[in-house]
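# next one to model:
(2 chains)
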Amino acid sequence: MQSLFLSRFSSLYITTALFCLLFLVGAFQFEGFGSSRVVANLFSDNAFLVITAIGMTFVIISGGIDLSVGAVIALTGVVCGLLIGELQMHPLLVFPLVLVGGGLFGAAMGALIHYYRLQPFIVTLAGMFLARGLATTLSEESIPIEHAFYDAVSDFGMLLPGGAWVGASTLILLLVLVAAVILAHYSRLGGYIYALGGSAQSAQLMGVPVARTTVSIYAISGFLSALGGIVYSFYTFSGYSLAAVGMELDAIAAVVIGGTLLSGGSGYVLGTVIGVLIMGVIQTYISFDGTLNSWWTKIVIGLLLFAFIGMQRLLTRQQAARLATGAAH
Amino acid sequence: MNLLSLSGMEKRYPGVKALDGVDFQLRAGEIHALLGENGAGKSTLVKVMTGALQGDGGSMSFLGAPLKLKSTAHAQSVGISTVYQEVNLLPNLTVAQNLYLGREPKRFGLIDWKRINRQSREVLKRFDLDIDVSRPLSSFSVAVQQLIAIARGVDMSAKVLVLDEPTASLDADECEQLFGVMRELRDKGIGIVFITHFLDQVYAVCDRITVLRNGQLVGEFEAATLSRSELVGHMLGKELQAQTHGREHREEKSLTQPLLEVQELAVSGSLQPTSLCVRRGEAVGLAGLLGSGRSEVCRAVFGVDRKTSGTLKVNDAEKHFLQPADAISEGLALCPEDRKTSGIVGPLSIRENIALALQARRGWWRPISRVEQERLAQRFIRELQIATPDAEKPIEQLSGGNQQKVILARWLATSPQLLVLDEPTRGVDIGAHAEILKLIRQFCRDGMSLLVTSSELDELLAFSDRVAVMRDRRKVAEIEGDDITEGNIMRAIAEA
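Model prediction:
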């Protein structure tokens, strides 16, 4: 029982332990690294990535993939830039529009994947080109967003002891996190998502509404990418069609480092958050060091990914072995 | 009263009539066996009554009212649940999640895990399962998973429970446990459709038996009044009274040297210790019902499944086949049962398909020249009378019988000493059927040895010098010479 509990959550433990280790190494080496401000910045600097990666977590748990998220972030930024920056519409009118747009975009991809039995990889790749191309057509230039609401948002927040600033982005992130945990573990849809990743065929035979679930999964990912795009525009105060290029891969990396199986069926939203934080803490370490090239982040993340997929393989093999011995008696 | 009733059910696939006006009646509180050999239409009928497939014709009624199933989910919602041979639950979810997926009790709009776990434990207790329901399903044995699947079906207020070969991977004790549960459910008024290959199990738990053959209904029988040999007769389409003899005249063959000798060969989980001998120039038939272990013998002899005990001798020298390539290098060849998935390479031409095995035997570093390949292909197209304009036609465009001949040619090209044919005439039209049988006899005269499985009795009679009868994954009888009659084989299949 004990060992089983360990194995079920072990990837989550390993991820958390790794984050703590990296953080402690930084804290010992550099003054000011081990402060609550650095932790708070990890959250606020990576909020858009965390939000997007949470959507990606659901997609990957269901056994799919979504390559369109980076492009949807850029498209969201450009649309916000045009409507808020140029047309001076109120952001509270624009946001629901782009969020619904992102959700519908994802839903359309999910519908294609389910009804035409297409590979998620290829459908979302097409979605990626479509969204990126649309963003570039709308504006090749970066569009500045100047609006009183944006200033208010960037001022909004609270200062925690130790100089930690919890801003609007972090609060949105935490809300999304809570909603995602409830969705994953306390809603029927969550069960369906895990079921689909376990075996789509069995899930169907057990009466899981596969069509609705698939469409919902990609709609959630599209919605959260759009939300990520809004949060991204909070930092940049602009919308740019070439923003967040390749970010879908960062999100996938975070999900995998967070312990979700790429083959689907198993994983935790919280793991993904820690996965992003690990990537963030490496980046912070490199900027504290000052002498290292920032591309070292990519190298370390590459190595981590190798280590984690190796570990996943090992875990699934152990599970298969346990199943074999379990079936013997 | 009938709980579930199907009448005149039809289902057509391109070129095949999988169900041809089949009737099926299930009463409340009975265990009803659905039996039939390969291609009988059992699985199609099950799919129709569980909503996985829609029939092309015929009607269905449930509790006296007409019913048209749209999906498996729909079937479940009206009270028809299915448990498949391969447990179709989700290994990555917990036992409790598997039991309540899609109908989780909620509290304040959130799933109430405490209640789910408590209810799951209660439900499983009724099946004598006292397990930790918060563990993932994959941590339990197949037998337990099977029971959990049944528990899920029953707990969803099933009135009809379809068990599709649930015992295939269970041992005797586990089967007994399952039967106990089945009887209990029957006594509560649930109608159970039970599909199995094991006649013992049919007689152990079933009240009535429906037999299908070639997509048609053979009949519905009371288990208590139907003898085993009558049942086997119905399944194989032969009446026991008709004691037809096989070949009018069996050529006397002098006993030759044994080519293949297996002693107590066993594969864990698929084959009980079995001894068998094939002499030079002899055709040995393997008889038995579906699932009796016929194909398993072929696989074990050919090294597809690794033997766990026993010995295997080729030409009096003991051999250990770890993989088919080892068997091929000893001059063995196997035409597998499922031509589509493990035989033909569809898009490749006839010529390429024929050259495959020979090429593999020679090693890829010694390619067979194009001229040689063409010579081979031409020779076999002529000798086996493969109906094709030329050797370059992709094999997938040929008829089933001609595909089978190409596969035969592939192995003949390696000039094997022993050719193992697993159901060589399955899915082959009548004309090609006769030709393949003729070829089998021809090969024997040429000095090749054959081991051939077949579920067609007349086929076995036509070519066998000896017939080994399989039941429950072991050899139960061996019939030789003039004793090879339909009656003797059927009796051996039916009982010891």
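# so how far is B:Phe463 from A:Val78?
76 Å (Cβ to Cβ, to the nearest Å). All C-beta atoms are positioned from the backbone trio N, CA, C, and that covers glycine.
# these two: which has the busier surroundings?
Per other Cβ atoms under 10 Å in any protein chain shown, whichever of A:Val78 and B:Phe463 has more neighbours is A:Val78, with 31 against 25.
# so the more buried one is in contact with A:Ile143, correct?
Yes - A:Val78 lies in contact with A:Ile143 (Cβ atoms under 8 Å); the separation is 6.6 Å.
# hey, what's in contact with both of those two?
A:Gly239, A:Tyr240 (Cβ atoms under 8 Å, 6 or more residues apart in numbering or on different chains).
# got the residues of the stretch 101-250 of chain A near chain B?
Residues of the stretch 101-250 of chain A lying near chain B by Cβ under 8 Å from any Cβ of the partner chain: A:182, A:185-188, A:191-192, A:194-195, A:197-199, A:201-209.
# any chance you could map the helices in chain A?
With helices called from DSSP state H, chain A shows them at A:2-29, A:36-61, A:69-80, A:91-115, A:120-138, A:148-155, A:168-186, A:188-198, A:200-205, A:210-236, A:247-257, A:269-289, A:296-328.
# which residues of the stretch 151-300 of chain B fall in helices?
Counting by DSSP state H, counting those that start in this stretch, one finds helices in the stretch 151-300 of chain B at the ranges B:172-187, B:199-205, B:228-236, B:294-301.
# so which of those helices is nearest chain A?
helix B:172-187 (10.3 Å; Cβ to the nearest Cβ).
# can you pull the buried residues of the closest one?
Neighbour counts over helix B:172-187 (16 or more other Cβ atoms under 10 Å in any protein chain shown) mark B:Glu174, B:Cys175, B:Gln177, B:Leu178, B:Phe179, B:Val181, B:Met182, B:Leu185, B:Arg186 as buried.
# relative to the whole chain's centre, how far out is that helix?
Chain-centre distance of helix B:172-187: 24 Å, with Cα atoms, centre = their mean, to the nearest Å.
# okay, now the nearest residue to A:Asp289 once chain neighbours are set aside: neighbour count?
Spatial nearest neighbour of A:Asp289, excluding adjacent residues (Cβ to Cβ, 6 or more residues apart in numbering or on different chains): A:Phe30 at 7.6 Å. For A:Phe30, the neighbour count with other Cβ under 10 Å is 15.
# how about the contacts made by A:Phe30?
A:Tyr285, A:Phe288, A:Asp289.
# ranking by neighbours, what's the top pick from the residues you listed?
In terms of neighbours by other Cβ under 10 Å, the contacts of A:Phe30 top out with A:Tyr285 at 20 neighbours.
# quick one: the closest residue to that residue other than its chain neighbours and A:Gly280, what's the gap?
Using Cβ to Cβ, 6+ apart and skipping residues adjacent in sequence, the residue nearest A:Tyr285 is A:Gly26, 4.8 Å away. Look at A:Gly26 and A:Gly280: by Cβ to Cβ, they are 11 Å apart.
# where does the stretch 101-250 of chain B get nearest to chain A, which residue?
B:Leu110 (4.1 Å).
# okay, the residue lying closest to that residue once chain neighbours are set aside: pLDDT?
Nearest non-adjacent residue to B:Leu110, counting by Cβ to Cβ, 6+ apart: A:Tyr186, 4.1 Å away. According to the prediction, A:Tyr186 has pLDDT 93.
# ok, A:Tyr186 - how many residues close by?
Using other Cβ under 10 Å, A:Tyr186 has 18 other residues around it.
# repeat for the one 4 residues further on
Summarising burial for A:Gly190: neighbours were counted as other Cβ under 10 Å, giving 20.
# got a list of what B:Thr2 touches?
To be clear, residue B:2 is Asn; Thr isn't right here. Contacts for B:Asn2 (Cβ under 8 Å, 6+ apart) come out as B:Gln25, B:Leu26, B:Arg27, B:Ser61, B:Gly64.
# sort out for me which of the residues you listed are in helices.
Per DSSP H, these never map to helices.
# enumerate every residue touching the residue lying closest to A:Thr213 once chain neighbours are set aside.
Once flanking residues are discounted, A:Thr213 sits nearest to A:Tyr192: 4.3 Å by Cβ to Cβ, 6+ apart. Taking Cβ under 8 Å, 6+ apart, we find A:Tyr192 in contact with A:Ala203, A:Val208, A:Pro209, A:Thr213, B:Leu101, B:Gly102.
# wait, which of those is closest to A:Val123?
A:Thr213 (16.0 Å; Cβ to Cβ).
# where do the strands sit along the stretch 101-250 of chain B?
B:106-107, B:110-111, B:160-164, B:191-195, B:208-213, B:216-222 (DSSP state E, counting those that start in this stretch).
# which stretches of chain B have low pLDDT?
B:14-15, B:38-39, B:169, B:238-255, B:338-342, B:427-432, B:496 (pLDDT under 70).
# ok, now which ones touch the residue lying farthest from the centre of it?
Computed with Cα atoms, centre = their mean, the residue of chain B farthest from its C-alpha average is B:Phe108, at 49.6 Å. Residues counted as contacts of B:Phe108 (Cβ under 8 Å, 6+ apart): none.
# can you check the one 3 residues further on too?
Each residue near B:Ile111 by Cβ under 8 Å, 6+ apart is listed here: A:His185, A:Tyr186, A:Ser187, A:Arg188, A:Gly191, B:Glu104, B:Pro105.
# center of chain A - which residue?
A:Ala53 (0.6 Å).
# A:Ile274 is in contact with that residue, correct?
No - if you go by Cβ under 8 Å, A:Ala53 and A:Ile274 don't touch, sitting 10.6 Å apart.
# which neighbours do the two have in common?
A:Gly258.
# and the residue nearest to the centre of chain A, how far from A:His185?
Look at A:Ala53 and A:His185: by Cβ to Cβ, they are 18 Å apart.
# what does B:Gly401 give?
Remark: distance between B:Gly401 and A:His185 (Cβ to Cβ) = 56 Å.
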